[in-house]
Structures are given as structure tokens and as C-alpha cells.
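Peer 1: Mind looking at a prediction? Sequence and model below.
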Amino acid sequence: MRRLKRHILRLGCALLAAALLWGSAPPARAADPDVAWLTGRFDSPAYPGRELSYQFPYRDDYFSIPADDYQHPLAQCTLGLAVSAFRAADLELDRKDEYIRDYLGQAGFGDMVSDQFDQEPRADTIATLMASKPLRDQEGEFLLVAVAVSGGGYEDEWLSNFSFGDDVVHQGFFSAAFTVFERVFDYVDDHAGGGRFKIWMGGYSRAAAVSNMVAALALTAEQVDREDLYVYTFATPNNIRLESGDFDLDGDYSSIYNVVGMFDPVPSIPFREWGYGKLGTTFHLPAQETTPDYAARREPVAEIYRAITGTPYSNNPEANWFIQKLYQLIYDMAGTAGSYQEALEGVIQEAWVNRSSAFQLLRSLCGALSRNGEADAMLLGEAPKADTLLSVFLYDLAMEELGLRPSSWNDLNLMMQLFYEHCPEVYISWMMSQSDPADLFVTDTAYRRIFLDSRVDYALLDEDRRPVESVSAASLGRTVMITVPSSRAYTLALSAGKGGERVKVVEYAAGSLHYAYQLYELDSGGTYELTLPMEFWADWDDGGLIRVPDREQVAPSVQALERSQVHPSAVFEIEDSGFVASYALNLALGAIVALLLAVVILLAVILRLVLKRKRQNVPAQKSENGGSSHE
């Protein structure tokens, strides 16, 4: 075990050295004398102990354009504002706001007022920094008020993220938003002197949900004109029940913009199926699962990511699948937001407080569930699904840690692998990769996953029947998971083994827990072509399985062993398709743990013998030294 730790430590040192060597300047930009490039410094949980940075464009002229016109350079600049507002991890408590002070100072802002950066984070704290700058537009002078809400390094402020409540708004976010709302307009009263003012606000993650809600409050209360409220949020969680009547959902929130990663796990909660959403216009970043030309779009992103971190950019559909199934499991257990609040909210909060690592968080969660009678009863119906899910994940992780399988999780730790799509350097890399938002944001959110027995040979062909060069495939036990966008036609050529192998095709939409599936069985030695798309939601007899070479096509409604449109459920798509049973994975995982324990015990015995021998040699050496001194 110590040897393994030393190996991991050496690997970490090598990565740090590589980061220093690869820490190159950002890609060259077109010269524009009117653009000031602000250096934004920030911390990322994926790279603890390191200060990351990037440069973001700023111009005073951004604020002469009405706020309800989306400006991509201003969105980029606001992302710099949002990440610079993270609490600085390695600075003293009274210097936690140093990064955001420096960022706004570079742009010429003054009269800075900081709140709660110098306090230890609690569930009810929300750190902000406000500053201002006199500017002029076509109508004359005005005061631009910058509002930076801290969305990183907030430790126990995470607890409020779990406090959904069962009301119109997310209780944890609304409480923080109302606090920020009061601070903003107290600042305006103190500094605008009754004159014209405009507000520029941004936030990331929790701060994004809070900023979104502050903006909605300001517009609803008519505290500021829509054209004078510039709000850009990133990795924005859902924060409001969209069917509620408390906010004018038909109102004009067109100056609020939200940017979310397609498979960032944070913006998906609270669940859409519970009625939650966010106000304003939401843009989606590309994803391998949903975007056909993802490989080409990814190239400039990877370049910027390496410039920021010194490491390669990666994405992991297997981790995205795991998060989706975990969310479906939680939905199955709770059913409604009210049930979640009654039975699970306290359990999750207790587990968070007692965490020290991803494994400890999981352990604490399981312990808290077992002590909570209502939650434990709720879990019984889902226990086989949870058991299977965790077994697959931990088995793969253990095999990779021991070097028995190539790592599909790159060099980041467990928690960061699952939340990789939420990391700020990922958002920065995507947002700065394009100058035209039309070349960046995507609208297609649908994708398909095909689950095959690993004994089935396959080849993925595009709409012109050419082999797809880079296939998104992951191994889940004895099952292979292939992911393709729904917006493009594909053909999957299949060669069965001994027969009885099954193929399952599942249709999803990013951010939703609903899905539809069709399950097929292959004959022994048969050769097939599976044609996609299949119109799951309309005409179910489109697409389907074709037997080669006679090319006999039977409608999916006749072929399929099972076919269904499914409400949110954690029933595994790979059931009945050759997937290794959960107990087998548990046995394998148990064997690995037993092997590790045996190695530790053996090392302990050897160490004890070595120390015992050294103690026996010491008196003999002292006796020899003592004898020579008397001579």
C-alpha cells in the first residue's frame, strides 16, 4: 500500500513538472488596441495546490450595447469575473478576495466592497465583491456596478445546494440570492447618488444559480431596466419551479444568459422532472455524445486546456453514464422533491459534513442511510440497482489503480472524474475556443447508446457507409457501450458469436431522466446491420435490425424482445444483455481487496522482522563501541 502511495506521489510530481514545462502562453489573438486583456486567476479542484490563470477580453464599449443583445466577448469576460471570484485556496482568510480585486482592478474599477470572503464558509454564507466605474454611452454618464458572486472554494456553502425544499424556488439558492439582492441595491444607493446606473453580474455553479435569481428578482421588482442588466452565468443549476406563478414566466428575462455543459452534472439538479428550470436564455456547449463534429470542435479546446493546465484535455462518456444512472437512482428513491426533502436531504447533508474524500463521502452516505429508517426503507426497493452501479464503478476503478487495466479515467481523482465537466478550466477552454457563438453553442441534445455483449464483433459506419474513425465506446463489465448523436444516421454492423447475445438501443436527451429503448437478440453466427436513427418517440417501425446477406428487414415492433418509453428509472439498460451479474463483480472486487490486505499484512510482517533485527544489532554495536573506548 505504501509502495502504491509512493507511486501515486511520484506520478503527481511528474504531472506537476510536466505542467510547469507545458505552461505555455495562450494561443495568439488578433491585435485590437481597444481590447484590454484581463488576467483571471483561479483555483480548480482538479488541480489542488496550483494557481491557474487565463486572459479574458474587456472593453468599456460592451456596456454601451443593450444588455439583451448577447455579446460573446462580454460573456468571455464575465466568465473571467466569475472564476476570479472563487475564494483563493492558498491565501489567508483576509485575502480570499485577492483574485477578484486584481481582476476588476485591471479593468479600472474602484470603490470595492467585499462581503463574507473573510469568513469561514457556512451553509448560510455567500461571498460577494462589488465595484464600480463611471462610464459614458449615447445617453450620457452612468455608473457601471460590477457584482462578482463567489462560486468556488465555498466548502460548507455546498450544504445549501442540497436544500431544494418543496416550494416555488430552490430554498438554498433563494436565501443566498435575496442576501445578494439587498447588497447590490444598498451599494447602488450608496454610490450611484440617484443617477443612472447599470449592473454587470456573473457567477459560476452555485453563484450562477444565485446570480440568475438575483437578476430575476431585480427585473420582477423593477429595480433596473432590462437593457441595463448584463448577466452571464456558467454551469448554472436549476433554481425555480417553472410552472409557478410567483415569477412572471412570460416576462422578459432576455438579458440573462446561462451557459451549461451538456453533461455537467450540476446544472441538471434539481431535476427537470420535478418541474425545475432556470430563467433567461440557456446555451449548451458541445459534447461527444450529442455533437457529430465534436472531434473538430475539440481541437482548439484541447490547445487552450493545455495552455491553462499543462495537461491533455479529455472527456469520459463512461463517467457521464455513471452520473446519469446515479441521478435516475436518486429520482427512483425520492420520486418527488417533497419526498427528497423529507427523507434524503438530511442524509446527504450529514454525509457531506463527514466527508474527507470521495470514498469517505460514499461511506458516510451509506452509513447515514442505514441509520435513517425512512430513507433505508426507501432504498430497499433500489438496493439491487445501487449495488450493481457501485460494483461496476468500483471494480473498474480498482482494476485501473492496480495497473491491471489501462486507465480510462486519466490522472484525476475519483471525484474529479465524475465532476470533470463541471471544472472551470473546461468551461474556459470551450468559451475561449471560438469568437463566434454560432460556431460554439449547439442545440441538439438527443443521443443514443447501444449496449452489446463484448463477444459481438461490431463496426460503426456513417451515413455514407464509411467507418467512423473515432468511436465513443466504453467497457462495462462484459458489455460494450457505444454512444452516438441522434442527429446523424449510422449503421452498426454486427457479427454474433454463439448466439443468444443481446443488443439494446436506448434513446436519451441530455439533462432529462426519460428514455426509450428496444432490445434485440442475435442468432448464432448471424451477421446483422442495425440502422439508426430509430424514431422512438413517433413512428416506432423506422430503422431496426437487418439480417445480412438476405437483407431481410422486420419491423422493430416485431423483432424486439422488449420496447418501451420509460419514465425516469434506474433500471439498467444492460440487463439481460450479457452483463456480468452484480454478485460476480462483488466477488471480484472482494478478491482484489483481499489481495491488497494480504500484501499489506505481508509488508507489515517483513517490516516487523527488519525492525526486530535492527534492534538486535544495536546493542551489539554499542557493546563493541563501549569495549574499544575502555582500551
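Peer 2: Good, I have the coordinates. Note that the structure is a prediction, hence the values are computed from the model and not measured.

Peer 1: so which helix or strand takes in residue 469?
Peer 2: In the assignment (DSSP states H and E), residue 469 maps to no helix and no strand.

Peer 1: Can you name the residues that contact it?
Peer 2: For residue 469, the contact set (Cβ atoms under 8 Å, 6 or more residues apart in numbering) comprises residue 295. No exception for glycine: its C-beta is placed from N, CA and C like everyone else's.

Peer 1: give me phi/psi at residue 435?
Peer 2: Residue 435 adopts backbone torsions of phi -90, psi -20, taken as degrees, to the nearest 10.

Peer 1: do residue 236 as well
Peer 2: Here residue 236 shows phi and psi, under degrees, to the nearest 10, equal to phi -80, psi 120.

Peer 1: give me every residue that touches it.
Peer 2: Residue 236 makes contact with 205, 208, 209, 212, 258, 259, 260, 267, 278, 282, according to Cβ under 8 Å, 6+ apart.

Peer 1: just for the stretch 1-150 of the chain, where's the confidence low?
Peer 2: Along the stretch 1-150 of the chain, segments meeting pLDDT under 70 span 1-31.

Peer 1: let's go with 50 and repeat that
Peer 2: Counting by pLDDT under 50, the stretch 1-150 of the chain shows low-confidence ranges at 1-28.

Peer 1: Export only the CA atoms of stretch 476-492, formatted as CSV.
Peer 2: C-alpha atoms of stretch 476-492 as CSV (Å, rounded to 0.1, in the frame of the first residue of the first chain):
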residue,chain,number,x,y,z
LEU,A,476,-18.9,-2.0,-18.6
GLY,A,477,-18.1,-5.5,-17.3
ARG,A,478,-18.8,-7.8,-20.2
THR,A,479,-20.8,-5.2,-22.0
VAL,A,480,-19.6,-2.6,-24.5
MET,A,481,-21.4,0.8,-24.5
ILE,A,482,-21.3,2.7,-27.8
THR,A,483,-22.6,6.3,-27.9
VAL,A,484,-23.7,8.2,-31.0
PRO,A,485,-25.5,11.5,-31.6
SER,A,486,-29.2,11.1,-32.6
SER,A,487,-29.0,13.9,-35.2
ARG,A,488,-27.0,11.8,-37.6
ALA,A,489,-27.7,8.5,-39.3
TYR,A,490,-25.4,5.5,-38.5
THR,A,491,-25.3,1.8,-39.4
LEU,A,492,-23.8,-0.7,-36.9
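
Peer 1: mean confidence for that stretch?
Peer 2: Averaged over stretch 476-492, pLDDT sits at 86.

Peer 1: Show me which residues of that stretch are buried.
Peer 2: Neighbour-count burial for stretch 476-492 flags 476-486, 490-492 (criterion: 16 or more other Cβ atoms under 10 Å).

Peer 1: Among those residues, name the ones in strands.
Peer 2: Within these, residues falling in strands by DSSP state E are 476, 479, 480, 481, 482, 483, 484, 485, 490, 491, 492.

Peer 1: from what I can see the fourth one touches residue 320, true?
Peer 2: Think residue 481. No: Residue 481 is not in contact with residue 320 according to Cβ atoms under 8 Å; the separation is 10.6 Å.

Peer 1: rewinding a little: neighbour-wise, give me the winner out of the contacts of residue 236.
Peer 2: residue 209 (32 neighbours; other Cβ atoms under 10 Å).

Peer 1: Check for me that residue 62 belongs to a helix.
Peer 2: Yes: counting by DSSP: H, G, I helix; E, B strand; the rest coil, residue 62 is found in a helix.

Peer 1: ok, and the closest non-adjacent residue to it?
Peer 2: residue 74 (4.4 Å; Cβ to Cβ, 6 or more residues apart in numbering).

Peer 1: And residue 188, by the same measure?
Peer 2: Nearest-residue entry for residue 188: residue 197, 5.6 Å, with adjacent residues in sequence omitted and distances by Cβ to Cβ, 6+ apart.
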